[in-house]
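build me a model from this:
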Amino acid sequence: MPPRPRFDRRAPVRELPNINDRISYQKLRVVDADGTQLGVIGREEALDVAKERELDLVLVSEKADPPVCRIMDYGKFKFEQEKKAKEAKKKSHQTEVKEVKMRYKIDQHDYDVRIGQAIRFLKAGDKVKCTIIFRGREIQHTSLAETLLRRMAKDLEEQAEVQQAPKREGRNMIMFLTPRKTPLIKKDNEVITPSRAVRTITTPQRSSAQNFPTKAKVSER
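All right, here's what the predicted structure looks like:
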């Protein structure tokens, strides 16, 4: 007896749909393509009706008595069912919480890497937990950590909304971001208030004659 192959290279058996000649029941309750009930008729008669309409006879309820068949375009029906299944799969994405860890002393390059990670998570529809880890006496600088988290939220404001503001939790400080549902609208012409008074009234320039007045003539006696 030859040894059993390690891998079974045979193609998987595909379950064929019960349509047309594959339907073995002799009596069927048939529904027309427009929803009209054709009643209980024989299998051959149902197949003839489907052929006249250039459609398929599809078994939709095998457990009914008698089984129910529908006349339809099976190719179109299969395409629509696959399309609906793909859309349902896209919508069934389960939101996960992805974590981005860093120190409050992080340098610019590593910070940019964390921003890139957060953007990738947010675009995938996941929430982002931004965590700053304190070590030793670093716990005294919570204000610097909070400033860094708020800076991160500002840099990600086009992709995310703040779900939970920076908050200390044990020896960490955390902030939660969630994907932005509505696009961020920025004003193009924002009025920037100056930090100090600025003189806006121009001083009229004097003419050269006014800048350099001539000496008064001495009257001759």
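
any stretches of the protein with poor pLDDT?
1-16, 92-93, 185-221 (pLDDT under 70).

longest strand of it?
strand 160-169 (DSSP state E).

okay, now the sheet partners of it, with direction.
Strand 160-169 pairs in its sheet with strand 172-179 (antiparallel), by DSSP bridges.

circling back to that earlier point, give me the contacts around the longest strand of the chain.
Strand 160-169 has contacts (C-beta atoms under 8 Å, 6 or more residues apart in numbering) with 118, 122, 127-128, 142, 145-146, 149-150, 153, 173-181. In this view, the C-beta of every residue, glycine as well, is placed from N, C-alpha and C.

how does it look with 7 Å?
Strand 160-169 is contacted by residues 122, 127-128, 142, 146, 149-150, 153, 173-180 when judged by C-beta atoms under 7 Å, 6 or more residues apart in numbering.

in a helix, residue 88, correct?
Yes. Assessed with DSSP: H, G, I helix; E, B strand; the rest coil, residue 88 lies in a helix.

can you report how many residues neighbour it?
Residue 88: 9 surrounding residues under other C-beta atoms under 10 Å.

what number of residues lie near residue 112?
12.

same check, this time on the one 5 residues further on
Look at residue 117: counted by other C-beta under 10 Å, it has 15 neighbours.

can you pull out the strands in this structure?
Using DSSP E, strands in the chain cover 27-31, 37-42, 56-61, 68-72, 97-102, 127-133, 160-169, 172-179.

one step back: and the contacts of strand 160-169, which are buried?
Among those, those buried by neighbour count (16 or more other C-beta atoms under 10 Å) are 122, 127-128, 146, 149, 153, 173-179.

can you list the domains in the chain?
Under the assignment automatic domain parsing, the domains of the chain span 20-89, 97-179.

now the shortest one, how far from the centre of its chain.
Between the mean C-alpha location of domain 20-89 and the chain-wide mean there is a distance of 38 Å, by C-alpha atoms, centre = their mean, to the nearest Å.

related to what we said a few turns ago, return the member of the buried ones among the contacts of strand 160-169 nearest to residue 67.
Proximity of the buried ones among the contacts of strand 160-169 to residue 67 (C-beta to C-beta) peaks at residue 179, which lies at 47.3 Å.

what is that closest one paired to in the beta sheet?
Beta-bridge partners recorded for residue 179 (DSSP bridges): residue 160.

any idea how far it lies from residue 80?
Counting by C-beta to C-beta, to the nearest Å, the gap between residue 179 and residue 80 amounts to 30 Å.

cool, residue 17 as well?
In terms of C-beta to C-beta, residue 17 sits 14 Å off from residue 80.

looking at the two, which is more packed in?
residue 17 (14 against 11).

distance of the more buried one from residue 77?
Counting by C-beta to C-beta, the gap from residue 17 to residue 77 is 10 Å.

what's the neighbour count on residue 72?
Residue 72 has 19 neighbouring residues, counting by other C-beta under 10 Å.

quick revisit: and of the contacts of strand 160-169, the nearest to residue 94?
Nearest to residue 94 out of the contacts of strand 160-169 is residue 127 (C-beta to C-beta; 11.4 Å).

for the closest one, which residues are in contact?
Residue 127 neighbours (C-beta under 7 Å, 6+ apart): 95, 97, 163, 176, 177, 178.
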